[in-house]
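Enquirer: What follows is a predicted protein model with its sequence.
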Amino acid sequence: MIAWHRIGLAAFAALLLAACSGEQHGDLRKFMSDVKARPAGEIEPIPTFPPYQAYKYSNVAMRSPFDPPQQVLSQEGLSGKAAVKPDESRRKQYLESFSIASLSMVGTLSRDGTIWALINDGSGGIHRVTVGDYLGRNYGRIVSITPLQVDVIEIVPDGKGGWVERPRTLALKEKST
């Protein structure tokens, strides 16, 4: 009896398949043959884009254009202060033989509350400096050190036979890629 049941189920499945195989999808087959008969079109090539060029802002150490300019006082504008002049009798430090433009800050160290800046001299040497040390050719004295910058006061000629103080900043040099 089970064998007849299986045979009947197989016959019913064959009947269903035969019923679905009729010409019901003739319109679909005609559309597919029409599309295949059309001439093949050309695909446009992928557009080429120029490679990305990173921009490195190199004026980090300079004054922001959005800040007001700092006033530099000349000898006439000191109003009672002693005239600014470099200490010629002081023994020069090693970093004073380099232009301040060639020096760059590359890091900081701190120990027992004292913070040192690491300065690259541009010729491969790294030097440790702290507040009160001198650097640059214009008698630059370090007045403060933060993890991001070294503030320096330079004494430069004012063009009238005197001297003026000029603030400068050495910003932390970012790692170049």
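Expert: All right, it came through fine. Numbering: from 1, shown residues only.
Enquirer: does the closest residue in space to residue 128 that isn't next to it in sequence sit in a helix or strand, and which one?
Expert: What sits nearest to residue 128 in space, not counting adjacent residues and going by C-beta to C-beta, 6 or more residues apart in numbering, is residue 116, at 4.7 Å. Any C-beta I mention is one placed from the backbone N, CA and C, and that applies to glycine too. Secondary-structure assignment from DSSP states H and E places residue 116 in strand 114-120.
Enquirer: re the thing from before, OK, contacts around the residue nearest to residue 128?
Expert: Residue 116 sits next to 108, 109, 110, 128, 129, 130, 145 when contact means C-beta atoms under 8 Å, 6 or more residues apart in numbering.
Enquirer: Now with 7 Å, please.
Expert: Applying C-beta atoms under 7 Å, 6 or more residues apart in numbering, we find residue 116 in contact with 108, 109, 128, 129, 130.
Enquirer: Kindly write the PyMOL command that selects the buried subset of these.
Expert: The PyMOL selection below is limited to those of those classed as buried (16 or more other C-beta atoms under 10 Å):
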select buried, resi 108+129
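Enquirer: Residue 150 versus residue 158, what's the distance?
Expert: 24 Å (C-beta to C-beta, to the nearest Å).
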